[in-house]
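In: The sequence and its predicted three-dimensional model are supplied below.
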Amino acid sequence: MRNILTMAQREIGAYFLSPIAYAVLAVFLFSSGLAFGLGTFSAGSEASMRQVFEFWIVLILLFVLPMLTMRLISDELRSGTIETLMTAPVTEIEVVLGKFLGGMMFFAILLAGTLLYPIILSMYGDIDLMFLTCHYLGLFLLGSLYVAVGLFFSTLTKHQVVAVLASSALLALMTFASHAMANRMEGWLKVLLQQLSVRTHFHDFVRGMVDLNHLVFFVTMTALFLFLSVKLLEMRRWQ
Amino acid sequence: MIQVTNLTKRYSSVLAVDNISFNVERGGVIGFLGPNGAGKTTTIRILACYHPATNGTATVAGYDVFKDSIEVRKRIGYLPESTPLYPEMRVREYLQFRGKLRGMVGNDRKSAIGRVTDRCWLGEFINRPIGQLSKGMKQRVGLADAMLNDPEVLILDEPTIGLDPTQIRETRKLIRELGERHTVLLSSHILHEVEAVCSHAIIIAKGKIVANGSPQELRDKFSSEAKVIAEIKGPENEVEKSIRGLTGVEDVDVASTNGWVRLAVKAKQNCDVREGIFKFTTANGWSLREIRRDGATLEDFFVQVTAQQQQTRSR
Ligand SMILES: Nc1ncnc2c1ncn2[C@@H]1O[C@H](COP(=O)(O)OP(=O)(O)OP(=O)(O)O)[C@@H](O)[C@H]1O
Ligand SMILES: [Mg+2]
């Protein structure tokens, strides 16, 4: 457990020393601010606020989170520090969880930054706190899955660009494509695609509902990608 | 302290380490010597629990590197060949991070960091980002990290590579001192480095151990195969007759220039022919201007064994 925190602490430190993290932070706050601004002020209705959460923020995270997670393990593979790391008394599980936690901490900072917009909105009208909490819980769960997927691709390759592209592509498939495809299918295939679609599970959070089914989906999918990352890291030693 | 039994490592097509076995006792500095591509780094990585072996077993500090890898890793300090470090971290932060990973806490960690930075002459760089350090300084950061938790076994892959001459001398001195209380395994392709710091040398070439012993033993082993060179002033055919009559002589080359006859004598195992040569020279009233053993350095031995490997490879 201590090792996990040590790893996470180093990752957070590394984020604040890297220009990429600041660029990502700026891009994220700017684009999400734009989405909030355009989404809410154009119609001013609650429905459009929902749309911002349902579509725009998810789309932005889909591109931004892989940029944050790309270096987590990839960079160790490229620079060779994986050798000093894995010859210290730490297990692959601790490394993966520590890196995941580090990524999640930075994601939490991003998310905290967006709280600014609801606060501004609340000056002009009433904001339903229950809804807002639900939105943010949904985003947090969605973000965990995105960070886990990004971490998985970061373990897969020492080329960070490949890690970003592959993660964004898979996330787009899981989030939007499977949803769109499900609408064109019939029978069991439709149900399967719907159940695998991130969007289906995220949808209810935006409508202010917390369903156990959705919680289970996000937690198991996140755990699955973390598990795959651990296995991949173990396999690398065998080459 | 280190036990290696029938260790083999095969990368997809290359057989990097071929069924090697050796034992290292507690204490002392053990040199792992061999030309490029001999399999030193591969063996060291197995011992440091970075790769598993394809076959065979190894134990370090009493634990199996595969089955009890975490226990081994707690007890070793490892300096990899390329000294990989995180460039964005400061030296102190890096050592703190590494100390934490090894379960060191509070004042223990603080005093250990003070100790290793002193011993590796890092005091003035402690607050510098590692990315701004020179190659040699980075090497010292890596060495400091390896020494951090005062491990029983230190495994150093080419520790002096990239250092300036003063630093090389200081580092060798440090390694010798470390060998008094720890078991140090270092790899090198520089022979005189191994002669200078090691109490024991293992020579490896093309994945196989070709010699194993103290530098003195290896030197003796080789010098028994060495030739005796003598230059005598006297009639060539008589000198040749005398030398061939001497007991213990296996073979001799004779050459003569300006009245001096030069003998290159190959003696039989465990025979020293030098006294015999001296005796027949004085008995005949000839003069002797040189008598010496040729090629008795470890260097020649090293070149010879590695050349043999090259030959078997090209066959
Ligand atoms: N990761 C790898 N994949 C494939 N082959 C490898 C790998 N690492 C080493 N080899 C091969 O294994 C053999 C032994 O390499 P090794 O690095 O152990 O040599 P070395 O004795 O450390 O040499 P040097 O003095 O150059 O450091 C070489 O033929 C090398 O090409
Ligand atoms: Mg090497």
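Out: Nice, thanks for sending it over. Numbers count the residues shown, from 1 in each chain, chains lettered A, B, ... in the order given. Ligands and ions are numbered 1, 2, ... in the order given.
In: Toward the C-terminus, what is the element adjacent to the helix or strand hosting B:Ile155?
Out: In this assignment (DSSP states H and E), B:Ile155 forms part of strand B:153-157. Proceeding N to C from strand B:153-157, the next assigned helix or strand is helix B:165-181, under DSSP H and E.
In: Let me know the average pLDDT across that following helix.
Out: Mean per-residue pLDDT for helix B:165-181: 90.
In: Over to stretch A:145-154?
Out: 96.
In: swap in stretch A:59-74?
Out: Averaging pLDDT along stretch A:59-74 gives 93.
In: That stretch vs chain B: in contact?
Out: No: figure legend: stretch A:59-74 not in contact with chain B (CB under 8 Å from any CB of the partner chain); closest approach 10.7 Å. The C-beta positions use only the backbone N, C-alpha and C, and glycine is treated the same way.
In: List the buried residues for that stretch?
Out: Residues of stretch A:59-74 classed as buried: A:60-74 (neighbour count, 16 or more other CB atoms under 10 Å in any protein chain shown).
In: which among these gets closest to chain B?
Out: A:Arg71 (10.7 Å; CB to the nearest CB).
In: Not including adjacent chain positions, what is the nearest residue to the closest one?
Out: Leaving aside its sequence neighbours, A:Arg71 sits nearest to A:Gln160 (CB to CB, 6 or more residues apart in numbering or on different chains; 5.8 Å).
In: check contacts around the one you found.
Out: A:70-71, A:74-75, A:78, A:154 (CB atoms under 8 Å, 6 or more residues apart in numbering or on different chains).
In: please redo it, this time with the cut-off set to 7 Å
Out: Counting by CB atoms under 7 Å, 6 or more residues apart in numbering or on different chains, A:Gln160 makes contact with A:70-71, A:74-75.
In: Could I get those in TSV, plus columns for secondary structure?
Out: Formatted as TSV, these follow (DSSP: H, G, I helix; E, B strand; the rest coil):
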residue	secondary structure
A:Met70	coil
A:Arg71	helix
A:Ser74	helix
A:Asp75	helix
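In: Spatially, which two of the residues you listed are the most separated?
Out: Within those, two members stand farthest from each other by CB to CB: A:Met70 and A:Asp75, at 8.2 Å.
In: which intervals of chain A have sub-threshold pLDDT?
Out: A:39-49, A:239 (pLDDT under 70).
In: right, I mislabeled it, should have said chain B
Out: Looking at chain B by pLDDT under 70, you get B:221-226, B:295-302, B:304-315.
In: Do a quick rundown of the helices in it.
Out: Ranges of helices in chain B, per DSSP state H, are B:40-47, B:69-75, B:91-101, B:106-119, B:135-147, B:165-181, B:191-197, B:215-223, B:236-245, B:274-283, B:298-314.
In: how about the residues of chain A near chain B?
Out: Residues of chain A found near chain B (CB under 7 Å from any CB of the partner chain) are A:3, A:6, A:10, A:14, A:17-18, A:79-81, A:83-84, A:86-91, A:237-238.
In: again, 6 Å this time
Out: Residues of chain A lying close to chain B (CB under 6 Å from any CB of the partner chain) are A:6, A:10, A:14, A:17, A:79-81, A:83-84, A:87-90, A:237.
In: Name the nearest of the buried residues of stretch A:59-74 relative to B:Gly106.
Out: Using CB to CB, the shortest approach to B:Gly106 within the buried residues of stretch A:59-74 belongs to A:Leu72, at 28.5 Å.
In: what comes up buried for stretch B:10-23?
Out: B:16-18, B:20, B:22.
In: on that earlier part again, so what touches the strand holding B:Ile155?
Out: By CB atoms under 6 Å, 6 or more residues apart in numbering or on different chains, the surrounding residues in contact with strand B:153-157 are B:1, B:41, B:44, B:47-48, B:60-61, B:76-81, B:146, B:182-187.
In: near ligand 2 too, which of those residues?
Out: Among those, the residues lying close to ligand 2 (CB under 5 Å from the ion) are B:41, B:81.
In: Go through the residues of chain B and report the one nearest to chain A.
Out: B:Pro84 (3.6 Å).
In: Could you tell me which residues make contact with that residue?
Out: Contacts of B:Pro84 by CB under 6 Å, 6+ apart are A:79-81, A:83-84.
In: What sits closest to it if chain neighbours are left out?
Out: B:Pro84 sits nearest to A:Gly80 (CB to CB, 6+ apart), 3.6 Å away.
In: quick revisit: could you export the helices of chain B as CSV, including mean neighbour count?
Out: Below are the helices of chain B laid out as CSV (neighbours: other CB atoms under 10 Å in any protein chain shown):
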stretch, mean neighbour count
helix B:40-47, 24
helix B:69-75, 19
helix B:91-101, 22
helix B:106-119, 15
helix B:135-147, 23
helix B:165-181, 16
helix B:191-197, 20
helix B:215-223, 17
helix B:236-245, 15
helix B:274-283, 15
helix B:298-314, 15
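In: export those helices to CSV and tack on distance to A:Val210?
Out: Shown next, in CSV, are the helices of chain B (distance: least, CB to CB, whole Å):
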stretch, distance to A:Val210
helix B:40-47, 49
helix B:69-75, 40
helix B:91-101, 37
helix B:106-119, 42
helix B:135-147, 47
helix B:165-181, 59
helix B:191-197, 66
helix B:215-223, 73
helix B:236-245, 101
helix B:274-283, 95
helix B:298-314, 68
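In: Ok, which of those comes nearest A:Val191?
Out: helix B:69-75 (44.8 Å).
In: Need the residues that contact that closest one.
Out: By CB under 6 Å, 6+ apart, the surrounding residues in contact with helix B:69-75 are A:87, A:89, B:49, B:60-61, B:63, B:65, B:151-152.
In: Going by distance to B:Met89, which of these wins?
Out: Closest to B:Met89, out of all of the contacts of helix B:69-75 and judged by CB to CB, is A:Thr87, at 17.9 Å.
In: quick check: domain ranges of chain B?
Out: B:2-221, B:227-293 (automatic domain parsing).
In: Can you redo these as CSV, where the extra columns are distance to A:Ser168?
Out: Output for these, formatted as CSV (distance: least, CB to CB, whole Å):
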stretch, distance to A:Ser168
domain B:2-221, 25
domain B:227-293, 71
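In: List the contacts of the closest residue to ligand 2 within chain B.
Out: For chain B, the residue closest to ligand 2 is B:Thr41, as judged by CB to the ion, at 3.2 Å. Neighbour list for B:Thr41: B:81, B:157 [criterion: CB under 6 Å, 6+ apart].
In: Of all the helices of chain B, which one comes closest to A:Gly187?
Out: Here helix B:69-75 is closest among the helices of chain B (CB to CB), at 49.7 Å.
In: Can I get the closest one in PDB, CA atoms only?
Out: Once non-C-alpha atoms are left out, helix B:69-75 reads as follows in PDB (Å, rounded to 0.1, in the frame of the first residue of the first chain):
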ATOM      1  CA  SER B  69      12.100 -12.200  -6.300                       C
ATOM      2  CA  ILE B  70      10.800  -9.500  -3.900                       C
ATOM      3  CA  GLU B  71      13.100 -10.900  -1.100                       C
ATOM      4  CA  VAL B  72      16.000 -10.800  -3.400                       C
ATOM      5  CA  ARG B  73      15.200  -7.300  -4.500                       C
ATOM      6  CA  LYS B  74      15.100  -6.100  -0.900                       C
ATOM      7  CA  ARG B  75      18.600  -7.300  -0.400                       C
END
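In: tell me how far it is from the chain's mean position?
Out: Averaging C-alpha positions (CA atoms, centre = their mean, to the nearest Å) puts helix B:69-75 25 Å from its chain's average.
In: What of stretch B:95-103?
Out: Centroid displacement of stretch B:95-103 relative to its chain, using CA atoms, centre = their mean, is 30 Å.
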